[in-house]
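Novice: give me coordinates for this.
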Amino acid sequence: MKKKVMSVVLAAAMAVSMVVPAVSASAADKLVVYGIYKAGDQTWFIDEGDAAKKAVEDAGGEFIYVDAKMSPEEYLKAIDNAVANNASGIITCTPDQTLSQAAVDKAKDADIPIVACDDALQDDAGEKLAPWVGINAYAIGQTNGEWMANYAKDNDLVGKDEVGLLIMTMDTVSSCVPRAEGEYDKFKEVCPDFNEDNIFYADYDGTTDKGNTAAAAVLTANPQITTWMVMGANEEGTIGACRALETAGLDANACVVGLGAYMAKDEWNDKGADGTCMKAAAYFSSDSVGQGSVDVLMKLINGDDVDMETAVDAEIVTPENYKDVMGDAAN
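Specialist: Okay, here's the model as predicted:
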């Protein structure tokens, strides 16, 4: 009986010794991707992260979504966690581009590929330190500027002292600066006679609350303007401007053009075309950026060459066509 029990124990021990190395090898080979986003509670990053997660899981891996909460400390801690947990790769949108070199160095020292999404990882001269996937910023700004300029012409708003153009800017974010520049340049190209003195700027941090505050300050400081046209550097800022216009009682005659359409569609779904001053938005797919960032990262992991820039274009959507253009993303 004792011999029989001992044989069973030895057999079990041998089985464990054979299984453990196999599990360890599997764990070591597992694809684990960290997605570290500067504002992980914003719709854009949630949707982008979902697309990245699907792409990673389709490849048989695990995707770990991290919200850096617009905090440099939280961001660098997340990079350190990815390194400590032997991540296969990192996809990231930094809350502060001055952290770019630190993030890239941490990943490089650990031999972990890193890809920037939305906001580039770049040096002081603006040169990219890692491959970047995002929107074609200047071209998308031009798309907004052209639509707004045509709106101004069609509604006889050019040359009117009481009509103002407000451009919401994010001057500390390199990926956002070209958006506002494209908006202004194309608007002035199509409407060269629009009074320069009636073009205003409001800088904010990318959040709806700060966009609201920045826009409200401009509205209050310029009571002579009773008809406002607004474009911005991201969707949150333009939604903030919508709320500011409503509070000031200036929304009835206003026209706001969003940038992303992921919040504009909520305005139209909830309020209808006549219930909001958000009249149009440049739509580009967060799914494309999320999927694209994983595509680039997988090439790096596999040792393939990649382009340093991968850009996504946009098209204008309105309450009349957004469901057709956006498909499931319009829900």
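
Novice: the helix or strand where Val257 lies pairs with which strands, parallel or anti?
Specialist: Following DSSP states H and E, one finds Val257 within strand 255-260. Within its sheet, strand 255-260 is paired with strand 227-231 (parallel), strand 278-283 (parallel), according to DSSP bridges.

Novice: strands of the stretch 101-250 of the chain, residue ranges please.
Specialist: 114-117, 132-135, 163-169, 199-203, 227-231 (DSSP state E, counting those that start in this stretch).

Novice: what packs against the longest one?
Specialist: When you say that, I think you mean strand 163-169. Strand 163-169 makes packing contacts with helix 137-154, helix 177-190, strand 199-203, helix 208-221, strand 227-231, helix 235-248 when contacts are defined by 3 or more Cβ pairs under 8 Å, 6 or more residues apart in numbering; DSSP states H and E. Every residue, glycine included, has its C-beta placed from N, CA and C.

Novice: one step back: just name the most buried of the strands of the stretch 101-250 of the chain.
Specialist: Among the strands of the stretch 101-250 of the chain, the stretch with the highest mean neighbour count (mean count of other Cβ atoms under 10 Å) is strand 114-117, at a mean of 28.

Novice: which helices and strands sit right next to the helix or strand that comes right after the strand holding Val257?
Specialist: Next helix or strand after strand 255-260 toward the C-terminus (DSSP H and E): helix 264-271. Contact partners of helix 264-271 among helices and strands, from 3+ Cβ pairs under 8 Å, 6+ apart: helix 235-248, strand 278-283, helix 322-326.

Novice: the first one to helix 208-221, inter-axis angle?
Specialist: Between the axes of helix 235-248 and helix 208-221, defined by axes from the mean of the first three to the mean of the last three Cα atoms, to 10 degrees, the angle is 40 degrees.

Novice: please export the C-alpha coordinates of helix 235-248 as PDB.
Specialist: Only the C-alpha atoms of helix 235-248 are listed here, as PDB (Å, rounded to 0.1, in the frame of the first residue of the first chain):
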ATOM      1  CA  GLU A 235     -14.400  67.800 -29.700                       C
ATOM      2  CA  GLU A 236     -14.400  68.500 -26.000                       C
ATOM      3  CA  GLY A 237     -13.400  72.100 -26.500                       C
ATOM      4  CA  THR A 238     -16.200  72.700 -29.100                       C
ATOM      5  CA  ILE A 239     -18.800  71.100 -26.800                       C
ATOM      6  CA  GLY A 240     -17.500  73.400 -24.000                       C
ATOM      7  CA  ALA A 241     -18.100  76.300 -26.400                       C
ATOM      8  CA  CYS A 242     -21.600  75.100 -27.100                       C
ATOM      9  CA  ARG A 243     -22.400  75.100 -23.400                       C
ATOM     10  CA  ALA A 244     -20.900  78.600 -23.000                       C
ATOM     11  CA  LEU A 245     -23.000  79.900 -25.900                       C
ATOM     12  CA  GLU A 246     -26.100  78.400 -24.300                       C
ATOM     13  CA  THR A 247     -25.400  80.000 -20.900                       C
ATOM     14  CA  ALA A 248     -24.800  83.400 -22.600                       C
END
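
Novice: got the buried residues for that helix?
Specialist: Glu235, Glu236, Gly237, Thr238, Ile239, Gly240, Ala241, Cys242, Arg243, Ala244, Leu245 (16 or more other Cβ atoms under 10 Å).

Novice: alright, I will stop here.
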